[in-house]
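Asks: Just the structure for this:
(one chain, ligands or ions: 2)
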Amino acid sequence: MELKGMFCAECGKEVKRDQLIKGLCIDCYRKSHTFFKIKRKPEIEICRLCYAYQIHGKWTFPSYGRDYGDHLEMAIREILTSAISSSPEGSLFFIDIDKESMVFGNKMIRVTAIVGGIFKDDPQRRIVEEKVDIEIKVKFTVCPRCTHIQRGTFEAIIQLRAVSPSKLKDLQNWAISTIEKIMMTRGMKSSKDYILEIKENKREGGIDIYLGSVVLARAVCQELKNKYGVKVIESRKLVKKRPDGNIYKYTFSVRPLPVERGDVVVLGNNKKYVVLEPTPARGKIHLYDLDTGKVENLPCENLWRRGVQILHGPHLQKKKCMVVSVSPDSLIVMDLNDYSTIEVGTPAIGDIREGDTVDLVKIDDTLYVLPNKLLEKKAGRKIA
Ligand SMILES: [Zn+2]
Ligand SMILES: [Zn+2]
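Replies: Ligands and ions are numbered 1, 2, ... in the order given. Reported below is the predicted structural model:
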């Protein structure tokens, strides 16, 4: 059945029957009805130091590395969402901000919101949009996080210690990027997630990072352990005795594996390895087994065990030799120092040909060929 044309009772415009809302065209209906309502005069508290904001008693802190403009827009979105809702006559579908319209004053923010929704009595359920000017009351204060920072409050120190300046630099980079990453994933609700200070500790030769939260510090150390195989020693000091729980300051001493490329590691089970890549990946370190000639990835914790010996590459007594003959079970070389012939009984001869120059090392009275080609390849990749 064809719908007959009808007329709006207000303006007399001809519309289809199912376009009339209670006898009116949608334009006339809108003049006396709304699909949304503004619940209360919205209020927000904003930190004048970091732009953290508080709505209904809950603080949201700016996420690390995030643009302040984005953060404020989020604040306005949140406050508008809590202030605008459906009216009894309609359903609110969306709220948008006209970014150009934002005006920031001393005690208010003025913004134009674009709201969209439907009227319940509209048979066609057409989505209508409307622009609403809203004034948000603003109080500028200092947020709890900035208050902690101003007072110099901290719960934990992460102490980075390493055997060489370059290792310390690596460790510092790992630590800072891990802190930033964890602060971002932990969201923006904790007033204690901040770096208070990064200080050089000249006396102990290291870097100390002061953190607002021990929970954050512990999460950072766990990640450093899992990813880079560092060793972490946690200790705490009583600061204040309290009946409802004593207050402690926590210290996390963090050390990277004290190995460099080319070092020889002798494990407790007498397995001997050459370090091919000193920077661990996913908690494992890239090693060359001197007995089998195989390349392995071993968990870093194996190198932290008691009884592990680390022989530093530059301190190894190396003999420069030339390969005379290679067979599956023996290798004969000539010492380039005194031209004597040496037979090496190790099966691990890898990619070696007659005429090659090799380095021999003696460990526990056994001669081994160092994997120079693998070491060069690793070093080359690092530079490139
Ligand atoms: Zn009308
Ligand atoms: Zn603040």
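Asks: Residue 287: what's it in contact with?
Replies: 265, 273, 274, 275, 276, 295, 296, 297, 298 (C-beta atoms under 8 Å, 6 or more residues apart in numbering). From N, CA and C alone the C-beta is placed, and that goes for glycine too.
Asks: per-residue pLDDT, the closest residue to the first one other than its chain neighbours?
Replies: Put plainly, it is residue 265. Once flanking residues are discounted, residue 265 sits nearest to residue 273: 4.8 Å by C-beta to C-beta, 6 or more residues apart in numbering. According to the model's per-residue confidence, residue 273 sits at a pLDDT of 95.
Asks: Now residue 273: which helix or strand?
Replies: strand 272-281 (DSSP states H and E).
Asks: Show the contacting residues for the residue nearest to residue 265.
Replies: Contact partners of residue 273, counting by C-beta under 8 Å, 6+ apart, are 264, 265, 266, 267, 287, 288, 289, 290, 296, 298.
Asks: any idea how far residue 274 is from the first one?
Replies: When C-beta to C-beta, to the nearest Å is the yardstick, residue 264 and residue 274 sit 6 Å from each other.
Asks: what touches both of these two?
Replies: By C-beta under 8 Å, 6+ apart, the residues touching both residue 264 and residue 274 are residue 290.
Asks: roughly how far is the next helix or strand after the strand holding residue 273 from the heart of the chain?
Replies: If you walk from strand 272-281 toward the C-terminus, the next helix or strand you reach (DSSP H and E) is strand 284-289. Put simply, strand 284-289 sits 26 Å off its chain's centre (C-alpha atoms, centre = their mean, to the nearest Å).
Asks: Can you give me the domain assignment for this structure?
Replies: 1-26, 33-142, 152-255, 264-383 (automatic domain parsing).
Asks: can you list those in CSV and add distance to ligand 2?
Replies: Below are the domains of the chain laid out as CSV (distance: least, C-beta to the ion, whole Å):
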stretch, distance to ligand 2
domain 1-26, 47
domain 33-142, 3
domain 152-255, 9
domain 264-383, 36
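Asks: check contacts around the residue sitting nearest the centre point of the chain.
Replies: With distances taken as C-alpha atoms, centre = their mean, the residue of the chain nearest its centroid is residue 181 (1.6 Å). The contact partners of residue 181, taken as C-beta under 8 Å, 6+ apart, are residue 223.
Asks: Distance-wise, check it relative to residue 217.
Replies: Residue 181 sits 14 Å away from residue 217 when distances are taken as C-beta to C-beta.
Asks: Tell me what residue 319 is bridged to.
Replies: According to DSSP bridges, residue 360 are recorded as the beta-bridge partners of residue 319.
Asks: Surely it is in contact with residue 340?
Replies: No - counting by C-beta atoms under 8 Å, residue 319 sits too far from residue 340 to count as a contact (10.0 Å).
Asks: Just want to know which of the two has more residues nearby.
Replies: In terms of neighbours (other C-beta atoms under 10 Å), residue 319 is the more surrounded of residue 319 and residue 340; the figures are 16 against 10.
Asks: For this protein, which residues score under the pLDDT cut-off?
Replies: When residues are selected by pLDDT under 70, those of the chain lie in 1-4, 65, 346-350, 380-384.
Asks: Where do the helices of it begin and end?
Replies: Assigned helices in the chain, in chain order: 26-32, 68-83, 144-151, 165-185, 214-228, 372-383 (criterion: DSSP state H).
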